[in-house]
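Novice: only geometry, no sequence info:
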């Protein structure tokens, strides 16, 4: 089973790295931020699998923190960075 | 191999496939709204299946509860963010792909 | 098994380097920040692989959460002054940089050579470090029983190297004083948060506070502790601020200041009491140490959380703003004068 | 273990990359990011070396240092960002130009 957990964790890391292409490509800032949101979820799954593979329960707390903070950066994006862009568009 | 092990392996693999589908959607779909659609599948179903697979292996009810809590938190975050991004994108006038 | 681990580590290591490179060279600042957030996520995975779950928790809440929010908010303020010119400037600058590169080729070459020398020196020093020296780990393990806690990292932070932690809390306080001395917080034009965001913050903030309490408690015997708990509290504060909440007159005065210095004050007080009882500064008697550490940690958690949230505000909170005088989230929509509705 | 040295080298690479970017880029926000990358590199080397003794638990002292380091780094970043916004408010730009160096 450990081999399955680790292979899936590795696979998830690969999908995360592939998703970076969307961050580089854009085109809008929302696309980039959404990719970062997906990375957060992928990281949660990855950490949970590692916790199971190494039989190390405290790692689940790390995943819990990831899950709790999944929204903070994205909310900052929507409320601040993107809102500022909007104002710029209006002023132009 | 126990039945639960086979079942949880299948769930984990299915979860990984959903993550793959989410990433492919993120890379291949044409605009921000369709990408949101792909993304929430990975968030909700992909992580849900992975969590379900791990819950079957959990050593106690507290562990299972914590895993479910993590999934619910990610659900809450991703659903809200998807809604907020889509709303903001509409307001900014990003057009729908036809 | 080991092959899989090696593949995981190699992929992670190369992704870290590649992400850092992309984040530091990307012409678009927003893209650089998103890449930096992803970098923080991967750093947290790296700490897990290096068997440092305490560090992974701190990185997960700060590197992947708070730093991103701070950078995005600063970018918004940077861009909002002169319209989108700031963003165009960046693109222009990136374009002109290639010209600069041509002009400054000798300089760049010299820089590359010097940096390669630095890197080679670092590699040489690290690879020639003696293997299998015991380090301080054994000392920590031997004295763990008298420290009052069973998580060695907490024992180091709050007991053996209490001086360091005390001074680090002071640094945190000093940076906040620095930010406050730069001026009052700027007025942000915020739209009405809307039902989804306020529901999200109403659900998440209590959970964040509970999780902070949980981490503070388990920190005595498992990964966790004051710094991780404090950064969760800080995230809760940031979320509240983003949802439109502002500290009112009553909160932003003395209560805010007291909670900011509480951590340092509790630490110093605990140290002083034991000086009077004929011990060294910050030397705790083993029988009290557990309780004492929990108390100091609780005070420190509160201070760290509130300091981080106040840092996010980016300036000294203004007191005389009648607009923000009622710090309540659960007012009915109709009686909410503090948000400007965007059409 | 091999991965210890892998991560040590990645850490030193991050430090060097960050140093390069601090020197080369004129924009202050980029300099702040670069300093953060440098810091992460240092943390990585510290924690990787803490785990290099095989068969024993990693040394907790560097872990404790890195935890406080991360918190101090984020507060220093906040101060740097506030300074950057102040520079921007005073001079109208957030970059170090040739003139401002003289």
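Specialist: Sure, I can see it. Here the structure is a predicted model, which means the values were calculated and not measured. Numbers count the residues shown, from 1 in each chain, chains lettered A, B, ... in the order given.

Novice: going forward, measure contacts between C-alpha atoms and count neighbours the same way
Specialist: Will do.

Novice: to the chain's geometric centre, what's the distance from stretch B:37-48?
Specialist: 2 Å (CA atoms, centre = their mean, to the nearest Å).

Novice: and the end-to-end length of it?
Specialist: 16 Å (CA to CA, to the nearest Å).

Novice: quick check: residues of chain A near chain B?
Specialist: Neighbours of chain B within chain A, by CA under 8 Å from any CA of the partner chain: A:1, A:4, A:8, A:11-12, A:15-16, A:18-19, A:21-22, A:30-31, A:34-35, A:37-38, A:41-42, A:45, A:49, A:52, A:60, A:63-64, A:67-68, A:70-71, A:74-75, A:78, A:86.

Novice: quick one: low-confidence residue ranges for the chain.
Specialist: Just so you know, I chose chain A. Within chain A, the stretches with pLDDT under 70 are A:84-92.

Novice: nope, chain B
Specialist: Across chain B (using pLDDT under 70), the flagged ranges come out as B:1, B:97-98.

Novice: when you scan the longest helix anywhere in it, is anything in it near chain C?
Specialist: For chain B, the longest helix by residue count, based on DSSP state H, is helix B:61-92. Yes - counting by CA under 8 Å from any CA, chain C has neighbours in helix B:61-92: B:76, B:77, B:80, B:83, B:84.

Novice: and that helix, anywhere near chain A?
Specialist: Yes - Helix B:61-92 is in contact with chain A by CA under 8 Å from any CA, via B:66-67, B:70-71, B:73-74, B:77-78, B:81, B:84-85, B:88-89, B:92.

Novice: give me phi/psi at residue D:27?
Specialist: phi -70, psi 130 (degrees, to the nearest 10).

Novice: spatially central residue for chain D, please.
Specialist: residue D:39 (2.4 Å; CA atoms, centre = their mean).

Novice: secondary structure element holding that one?
Specialist: helix D:28-50 (DSSP states H and E).

Novice: hmm, residue D:75 is touching residue C:173, no?
Specialist: No - between residue D:75 and residue C:173 there is no contact under CA atoms under 8 Å: 9.0 Å.

Novice: the two: which has the busier surroundings?
Specialist: Counted by other CA atoms under 10 Å in any protein chain shown, residue D:75 and residue C:173 do not tie: residue D:75 has more neighbours, with 26 against 22.

Novice: where along chain C do the helices fall?
Specialist: C:2-25, C:29-49, C:53-61, C:67-80, C:85-103, C:105-127, C:137-142, C:152-155, C:162-181, C:194-218, C:226-242, C:249-252, C:254-276, C:286-313.

Novice: can I get those helices in a markdown table with mean pLDDT and distance to residue B:36?
Specialist: Converted to a markdown table, those look like this (pLDDT from 0 to 100; distance: least, CA to CA, whole Å):
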| stretch | mean pLDDT | distance to residue B:36 |
| --- | --- | --- |
| helix C:2-25 | 89 | 23 |
| helix C:29-49 | 91 | 17 |
| helix C:53-61 | 90 | 24 |
| helix C:67-80 | 84 | 21 |
| helix C:85-103 | 50 | 26 |
| helix C:105-127 | 86 | 42 |
| helix C:137-142 | 76 | 48 |
| helix C:152-155 | 82 | 41 |
| helix C:162-181 | 89 | 37 |
| helix C:194-218 | 88 | 17 |
| helix C:226-242 | 90 | 22 |
| helix C:249-252 | 72 | 39 |
| helix C:254-276 | 87 | 40 |
| helix C:286-313 | 87 | 28 |
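
Novice: looking at the ones you listed, which is buried most?
Specialist: Among the helices of chain C, ranked by average contacts under mean count of other CA atoms under 10 Å in any protein chain shown, first place goes to helix C:53-61 (a mean of 31).

Novice: out of the residues of helix B:61-92 next to chain C, who's nearest residue C:182?
Specialist: Closest approach between those and residue C:182, by CA to CA: residue B:84, at 33.1 Å.

Novice: contacts only, for that closest one.
Specialist: Residue B:84 makes contact with A:78, C:196, C:197, according to CA atoms under 8 Å, 6 or more residues apart in numbering or on different chains.

Novice: okay, the residue nearest to the centre of chain D: pLDDT?
Specialist: Per-residue pLDDT puts residue D:39 at 93.

Novice: what distance do you get for it to residue A:7?
Specialist: The gap separating residue D:39 from residue A:7 is 31 Å, by CA to CA.

Novice: before we move on, back to that, now a PyMOL select for only the buried ones of the residues of chain A next to chain B.
Specialist: To isolate the buried ones among the residues of chain A next to chain B in PyMOL, judged by 16 or more other CA atoms under 10 Å in any protein chain shown, type:
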select buried, chain A and resi 8+11+12+15+16+18+19+22+30+31+34+35+37+38+41+42+45+49+52+60+63+64+67+68+70+71+74+75+78+86
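
Novice: okay, and which of the residues of chain A next to chain B map to helices?
Specialist: Those of those lying in helices (DSSP H): A:4, A:8, A:11-12, A:15-16, A:18-19, A:21-22, A:30-31, A:34-35, A:37-38, A:41-42, A:45, A:49, A:52, A:60, A:63-64, A:67-68, A:74-75, A:86.
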